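> sequence and predicted model, in that order:
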Amino acid sequence: MKQPSDEFREEFRARVAEAASHFRAGRPAEAESAYQAALAIVPDDPAVTHNLGVAIAAQSRYRESIGCFDEALKRDPGFVAAHYNRAVALMRLGETAEAIKAFGRAAQIEPQHYEAHRALSFLWLAQGERGRALDHFARTYELRRGDDRTTIARQSLTMATRHKLEHDAEQFLYLAQRSRDRLRFELLARSYRAVSGELSNDVGQLSEAQIDALGEDYNTPIHLRAAPELAGSPIAARADLAALTAQFDAQGAIAVDDLLTPEALHSLRRFLLESTIWHDFSHIDGFVASYLEDGLACPLVLQIADDLRRAFPEILGGHALSQAWAFKGLNAQAAVDVHADDAAVSVNFWITPSEANLAPGHGGLVVCRTPPPDDWQIRDYEADRERIVTFLAQKTADSLVVPYRQNRAVFFRSRLFHHSDRPKFASGHENHRLNLTLLYG
């Protein structure tokens with residue numbers, strides 16, 4: 001085949017650079033035109049064909065984008081990004097079975113493809129295939145913190161706060177009383193406390209000497225407590241389901257007591273108390289957190305997330321799980337400020353015994369049942385805070401205030417503004433306020 005002249009090659013490179021600039025600036029339509037101009041010069045370039053597909057997908061024309069990805073794969077069958085973005089487009093179209101195949105192909109070609117494994121985790125869970133979902137969550141955890149780790153979580157392995165290290169030392173001492181490795185955990189606690197005294201509560205870079213003192217296992221799964229699936233459902237049977245469903249339909253937010261069976265609550269609490277999965281310390285000041293792809297996924301948690309959809313079919317049944325996290329307040333009054341969630345329905349429930357709550361009647365959640373206007377796009381909560389506070393002040397009478405109680409859940413439409421209600425909890429590892437949040441849709 002005759003090769004383009006240097007002049008045409010230069011024009012081709014200019015059009016590709018122009019397209020990339022448009023795309024980075026958030027102008028996918030202009031990027032699409034520039035990529036088409038480049039392909040008019042060099043029609044068989046798989047990378048540009050793929051990038052054209054990405055620009056088209058960014059305009060929600062997913063079926064058309066798949067044609068571009070297929071064309072790129074004809075020329076380069078091992079093009080991982082084309083397999084992955086084709087899978088994303090299929091997922092957007094609701095073609096789950098084909099999306100799973102495409103994500104699987106990307107992960108097969110590139111076993112360290114974190115996003116492909118993460119997508120497969122949630123897709124398999126939506127299909128009720130908890131075992132397969134758990135396999136892929138285990139892989140994302142390995143890629144973040146295992147022997148096969150990539151650079152995804154590198155920052156959290158070399159940075160810390162005083163709160164984070166004091167929490168970990170406290171957890172090690174708790175484990176020392178319940179493990180055959182008592183001396184090991186006591187030594188770890190001593191090392192972590194020594195380094196914590198050198199830090200502030202601002203996220204800071206650890207020195208080489210501090211990293212050496214903490215050891216190579218810092219912020220990795222040093223200890224995991226088993227939390228297997230239960231023989232029966234972990235969700236307690238209810239006689240008030242119809243009433244709760246009607247209330248949710250009318251008000252958009254409900255409180256549900258005794259969510260889990262006693263066996264499920266006990267097992268989940270032990271998993272959260274004993275597993276060193278509290279890797280995120282920079283998301284919200286005064287908290288540590290864990291996410292499904294970063295240690296939270298275990299058989300019981302996935303069973304709870306899956307069975308909730310069956311237990312509350314009218315509220316959750318039509319929505320797949322999109323994320324889950326556990327938050328632990330590290331001081332008595334650690335609170336989550338007002339925000340909304342990026343989902344359809346949120347389920348928040350509490351794990352710590354009610355006796356740890358030193359402010360009965362408070363310590364739970366406040367949900368404003370009036371949704372923000374449809375044309376209100378929240379892009380930056382810090383920038384929009386004054387507007388949000390004003391909105392909430394006007395809607396005080398329509399707020400659902402749910403006091404803290406162990407095994408109490410709040411179901412609410414995720415778009416509703418919500419925040420912690422003046423928590424005040426006792427000190428000690430077993431008394432930290434623990435909540436699990438599941439996002440559906």
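Great, that's in hand. Numbers count the residues shown, from 1 in each chain.

> tell me what the lengthiest strand in the chain is packed against?
Looking across the chain with DSSP state E, the single longest strand is strand 321-329. Counting by 3 or more CB pairs under 8 Å, 6 or more residues apart in numbering; DSSP states H and E, the packing neighbours recorded for strand 321-329 are helix 114-126, strand 287-291, helix 299-311, strand 434-440. To be clear about C-beta, it is placed using only N, CA and C from the backbone, and glycine gets the same treatment.

> which helix is the longest one in the chain?
When the chain is parsed with DSSP state H, its longest helix is helix 6-24.

> my read is that Tyr35 contacts Gly53, right?
No - at 9.1 Å, Tyr35 and Gly53 do not qualify as touching, with contact defined as CB atoms under 8 Å.

> least confident secondary structure element in the chain?
helix 381-394 (a mean of 71; mean pLDDT, DSSP states H and E).

> and the next helix or strand past it?
Scanning forward in sequence from helix 381-394 by DSSP states H and E, the next helix or strand is strand 399-402.

> what's the average pLDDT for that next one?
When pLDDT is averaged along strand 399-402, the result is 93.

> before we move on, what about stretch 29-45?
Rounded mean pLDDT across stretch 29-45 is 94.

> got it, and stretch 306-319?
Per-residue pLDDT over stretch 306-319 has a mean of 95.

> how far does it sit from the chain's center?
Distance of stretch 306-319 from its chain centroid, counting by CA atoms, centre = their mean, to the nearest Å, is 19 Å.

> how far off centre is stretch 428-441?
That offset, for stretch 428-441, works out to 14 Å (CA atoms, centre = their mean).

> repeat that for stretch 408-417.
On CA atoms, centre = their mean, the centre of stretch 408-417 falls 17 Å from the chain's centre.

> can you get me the start-to-end distance on that stretch?
19 Å (CA to CA, to the nearest Å).

> before we move on, what about stretch 391-400?
15 Å.

> how about that stretch: buried residues?
For stretch 391-400, a neighbour-count test (16 or more other CB atoms under 10 Å) marks 391-392, 399-400 as buried.

> using JSON lines, lay out the residues you listed together with distance to Asn357.
As requested, the buried residues of stretch 391-400 are exported to JSON lines (distance: CB to CB, whole Å):
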{"residue": "Phe391", "distance to Asn357": "28"}
{"residue": "Leu392", "distance to Asn357": "23"}
{"residue": "Ser399", "distance to Asn357": "20"}
{"residue": "Leu400", "distance to Asn357": "18"}
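
> ok, the residues you listed vs Thr437, which is closest?
The closest of the buried residues of stretch 391-400 to Thr437 turns out to be Leu400 (CB to CB; 16.4 Å).

> what sits against that closest one?
Going by CB atoms under 8 Å, 6 or more residues apart in numbering, Leu400 touches 251, 253-255, 366-367, 369, 410, 412.

> go on, Arg413?
Applying CB under 8 Å, 6+ apart, we find Arg413 in contact with 252-253, 344-346, 371.

> any chance of those in TSV, with secondary structure and distance to Ala332 too?
Formatted as TSV, the contacts of Arg413 follow (DSSP: H, G, I helix; E, B strand; the rest coil; distance: CB to CB, whole Å):
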residue	secondary structure	distance to Ala332
Gly252	coil	31
Ala253	strand	26
Ala344	coil	33
Val345	strand	30
Ser346	strand	25
Pro371	coil	32
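
> pull out the buried members of those.
With burial judged by 16+ other CB under 10 Å, the buried subset of these is 252-253, 344-346.

> identify the farthest-apart pair in those residues.
Ala253 and Ala344 (13.4 Å).

> and for the nearest residue to Pro353 once chain neighbours are set aside, the neighbour number?
Excluding its sequence neighbours, the residue lying closest to Pro353 (CB to CB, 6 or more residues apart in numbering) is Gln406, at 5.2 Å. Counted with other CB atoms under 10 Å, the neighbours of Gln406 add up to 20.

> and if you look at the one 3 residues further on?
By other CB under 10 Å, the residues close to Ala409 number 24.

> among the helices and strands packed on strand 321-329, which is nearest Ala243?
Closest among these, using CB to CB: helix 299-311, at 14.5 Å.

> could you list the buried residues of that closest one?
Buried-residue list, helix 299-311, by 16+ other CB under 10 Å: 299-309, 311.

> orientation of that helix relative to strand 434-440 in degrees?
Helix 299-311 runs at 50 degrees relative to strand 434-440, counting by axes from the mean of the first three to the mean of the last three CA atoms, to 10 degrees.

> ok, residues contacting helix 299-311?
125, 128, 130, 133-134, 137, 227-230, 233-235, 238, 241, 260, 264, 267-268, 271, 292, 316-317, 319, 321, 324, 347, 436, 438, 440.

> distance from that helix to the middle of the chain?
Mean-position distance between helix 299-311 and its chain equals 16 Å (CA atoms, centre = their mean).

> let's have the helices and strands packed on strand 321-329 in JSON lines, adding distance to Glu170.
Shown next, in JSON lines, are the helices and strands packed on strand 321-329 (distance: least, CB to CB, whole Å):
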{"stretch": "helix 114-126", "distance to Glu170": "30"}
{"stretch": "strand 287-291", "distance to Glu170": "11"}
{"stretch": "helix 299-311", "distance to Glu170": "23"}
{"stretch": "strand 434-440", "distance to Glu170": "14"}
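
> in the stretch 1-150 of the chain, where is pLDDT below threshold?
Applying pLDDT under 70 to the stretch 1-150 of the chain flags the ranges 1-6.
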